[in-house]
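Student: Take a look and give me a structure for this.
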Amino acid sequence: MALENQGFEKRLNLFESEDDRAVLNNLAGGNIQLDVALFRNNLRNTSSLVWEYNTNSSSINTNRFIFPTTTAFVYTNGDRVTVTGSSLGNLNTTTTYYVVDLIVGLGSLGNQSGFALSLTEGGSRVTLGAITANITFIREDIVTKDNIFNIATPETKENGLLVEGSSFTYDIGASFNDGFNTVDSNIDTSNFLRRLKYVSNTSIATERKISIEGGAISADPGATNNSNAALSQANSPGTYITNPFSPTLAITKTRAYSTSSQPWVEGTGKLTTKSAEVNIGDLYFTNGITIISFDGIASVSGNVTEFTHKLPVLINGIEYFVLVKS
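Tutor: Down below sits the predicted model:
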């Protein structure tokens, strides 16, 4: 048996094997016979591409064939083709046409391609006429000497500079494992933030607990809250406290602020606000409170530090307790 790269066997008196493929492999090594097979009947090599009529968004637009969304192909301007089909319009089967005006990325999803035909390379489009059936394009797949001369190893550039050899440098950390771990972590972080990022075309409702250090300002750049009536509108911007037990489609809410500034204004002996809805949790009087009398009982002057009773009172419908001393 002949060994690789040995050629003809001496013990067979250089007898030529009838298996030409094995001979080629023995002489040149590897699968050279597959490379040579590319040029077998080279001038007769062809391939077919079918344009399906009225299928998956296929059409004819300004004398250009727009291919279906399911048809993928690799053509270039200048390819020589002939056509066959039962409805050719102004085309015929005996003429060789040239592909012109090739365009990709057509359709709403950018997954369609199309081209026109010309009688000369780079010429004007042929008027196709009425075509109502599938058409098969037969392309000449000839490999010329010029094609082979154009095969060359591309230049290797890194940061705009030529790099000797056939590889790039990589700055990925201490090892490939570290590099892949970093990439994996970045992908996880990106997916997490993408799911939580607020976008204008989806709900921004969240069940997460949000902690704020410092003040919170509710802005109104569109001047929506330009009147008291506007505060009651559903789209009125502001900060709200919602009732967690209210229905999802009819959430009960209470406005915390009516404008982008503090709504409480200190008046003469009172606090006022223009907010449409106000809830008060704890009410503190930093300078004390003076009670004239309780049912005719006079007040006692001076500071009191110990209390013996608490008295519930209603202020604007809200119950508070006043601490008193008997």
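Student: can we go C-alpha only for contacts and neighbour counts from here?
Tutor: OK.
Student: Sheet partners, orientation included, of the longest strand anywhere in the chain?
Tutor: Ranked by residue count under DSSP state E, the longest strand found in the chain is strand 97-106. Under the criterion DSSP bridges, strand 97-106 sits next to strand 80-85 (antiparallel), strand 112-118 (antiparallel) in its sheet.
Student: Name the surrounding residues that touch it.
Tutor: With contacts defined as C-alpha atoms under 8 Å, 6 or more residues apart in numbering, strand 97-106 is touched by 75-82, 110-125.
Student: Next, format the strands paired with strand 97-106 as CSV and append distance to Asn45, mean neighbour count and mean pLDDT.
Tutor: What follows is the strands paired with strand 97-106, written out as CSV (distance: least, C-alpha to C-alpha, whole Å; neighbours: other C-alpha atoms under 10 Å; pLDDT from 0 to 100):
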stretch, distance to Asn45, mean neighbour count, mean pLDDT
strand 80-85, 12, 19, 95
strand 112-118, 21, 23, 95
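Student: Can you lay out these as CSV showing distance to Ser48?
Tutor: Formatted as CSV, the strands paired with strand 97-106 follow (distance: least, C-alpha to C-alpha, whole Å):
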stretch, distance to Ser48
strand 80-85, 9
strand 112-118, 15
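Student: Mind checking those strands for the one nearest to Asn63?
Tutor: Proximity to Asn63, assessed across those by C-alpha to C-alpha, is greatest for strand 112-118 (6.3 Å).
Student: Convert the next helix or strand after that closest one to CSV, retaining C-alpha atoms only.
Tutor: Where DSSP states H and E defines the elements, the next helix or strand beyond strand 112-118 is strand 135-140. The C-alpha trace of strand 135-140 is given here as CSV (Å, rounded to 0.1, in the frame of the first residue of the first chain):
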residue,chain,number,x,y,z
ILE,A,135,-38.5,32.1,-12.5
THR,A,136,-35.2,30.2,-12.2
PHE,A,137,-32.0,32.1,-12.6
ILE,A,138,-29.0,30.0,-13.8
ARG,A,139,-25.7,31.6,-12.9
GLU,A,140,-22.4,30.8,-14.5
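Student: Mind jotting down where the helices sit in the stretch 101-250 of the chain?
Tutor: According to DSSP state H, counting those that start in this stretch, the stretch 101-250 of the chain carries its helices in the segments 145-149, 176-196.
Student: Just the mean pLDDT for the first one, thanks.
Tutor: What it means is helix 145-149. Helix 145-149 shows a mean pLDDT of 75.
Student: again, but for stretch 48-65
Tutor: Mean predicted lDDT for stretch 48-65 stands at 93.
Student: Endpoint to endpoint, it covers what distance?
Tutor: Stretch 48-65 has its terminal residues 15 Å apart, counting by C-alpha to C-alpha, to the nearest Å.
Student: lowest-pLDDT helix or strand in the protein?
Tutor: Ranked by mean pLDDT, DSSP states H and E, the weakest helix or strand in the chain is strand 297-298, scoring a mean of 53.
Student: What about Gly238, how many residues nearby?
Tutor: Residues lying near Gly238 (other C-alpha atoms under 10 Å) number 17.
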